[in-house]
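Undergrad: Provided below are the primary sequence and the corresponding predicted coordinates.
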Amino acid sequence: MHGLRSRAELAAPLSSLVALALVASLAQAQTPLRPQPELRVDVIDVRSDRSGTVQGGAGLGLPLGYYARLGVIAAAGVTQRDDVTLGSGRLDLVTRFLFDPFREARWGLSVGGGMTVTYVAQEEWRELLLVLIDLETPPVKRRIVPAIQLGLGGGARVGVAVRPYRQGRR
């Protein structure tokens, strides 16, 4: 009897979790999430006064449910190698996990990873892994949301992004 009772006690919360997951899945299908544009500036691999990259870019965050975003970012700028300044560009494909997708806190933390493809004039294309931490600040006048991003991909990188504000969503 004790074995049957413990299985029944385990089955009740488990079936509740399955039902909750089904309801959440149906609710998500009823409420489609829109892509989110962003503008950004990044400083990459600034090791000394003779090396580094500064790029401006634009991107689109595509929702993969409430807690994940697939970001596609294209950027262009300049890269300095010794005393030579060259044109450069990159394409990032990154998935971010949002810890607070419903904007319940003023600051929003997300972590992510993916791939970056970089090009510097007179050099070859390079494919690199990318990891990052993104911190969204409180909105500025309920119109835009700045974000600070730290990561590794082609060297250490620091970026600032601006995204449109959405009520109750990140």
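TA: Looks like it arrived, so ask away. Residues are numbered from 1 along each chain as shown.

Undergrad: residue closest to the middle of this structure?
TA: In the chain, the centroid-proximal residue (C-alpha atoms, centre = their mean) is Arg96; its distance is 3.7 Å.

Undergrad: Verify the stated contact: that one with Ala68.
TA: Yes. The pair Arg96 / Ala68 is scored as a contact, 6.9 Å apart, by C-beta atoms under 8 Å. Yep, even glycine has a C-beta here, placed from its N, CA and C like the rest.

Undergrad: Any idea how many residues pack against the closest residue to Pro63 other than its chain neighbours?
TA: If the residues on either side of it in the chain are set aside, Pro63 comes closest to Leu33, at 3.6 Å by C-beta to C-beta, 6 or more residues apart in numbering. Applying the criterion other C-beta atoms under 10 Å, we find 16 residues in the vicinity of Leu33.

Undergrad: Residues contacting stretch 75-83, please?
TA: For stretch 75-83, the surrounding residues in contact (C-beta atoms under 8 Å, 6 or more residues apart in numbering) are 40, 42, 50-58, 85-92, 120.

Undergrad: Restricted to helices, list those residues.
TA: With helices taken from DSSP state H, there is no overlap with the contacts of stretch 75-83.

Undergrad: Would you list the buried entries among the residues you listed?
TA: Arg40, Asp42, Gly52, Thr53, Gln55, Gly57, Ser88, Gly89, Arg90, Leu91, Asp92, Val120 (16 or more other C-beta atoms under 10 Å).

Undergrad: need the contact list for the second one.
TA: When contacts are counted by C-beta under 8 Å, 6+ apart, Asp42 touches Thr53, Val54, Gln55, Gly56, Gly57, Ala75, Gln149, Arg157, Val158, Gly159, Val160.

Undergrad: Same list (the buried ones among the contacts of stretch 75-83) but as a markdown table, adding pLDDT and distance to Asp134.
TA: Putting those into a markdown table (pLDDT from 0 to 100; distance: C-beta to C-beta, whole Å) gives the following:
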| residue | pLDDT | distance to Asp134 |
| --- | --- | --- |
| Arg40 | 98 | 11 |
| Asp42 | 97 | 12 |
| Gly52 | 91 | 21 |
| Thr53 | 95 | 19 |
| Gln55 | 98 | 17 |
| Gly57 | 98 | 14 |
| Ser88 | 96 | 22 |
| Gly89 | 96 | 21 |
| Arg90 | 96 | 17 |
| Leu91 | 96 | 18 |
| Asp92 | 96 | 12 |
| Val120 | 93 | 25 |
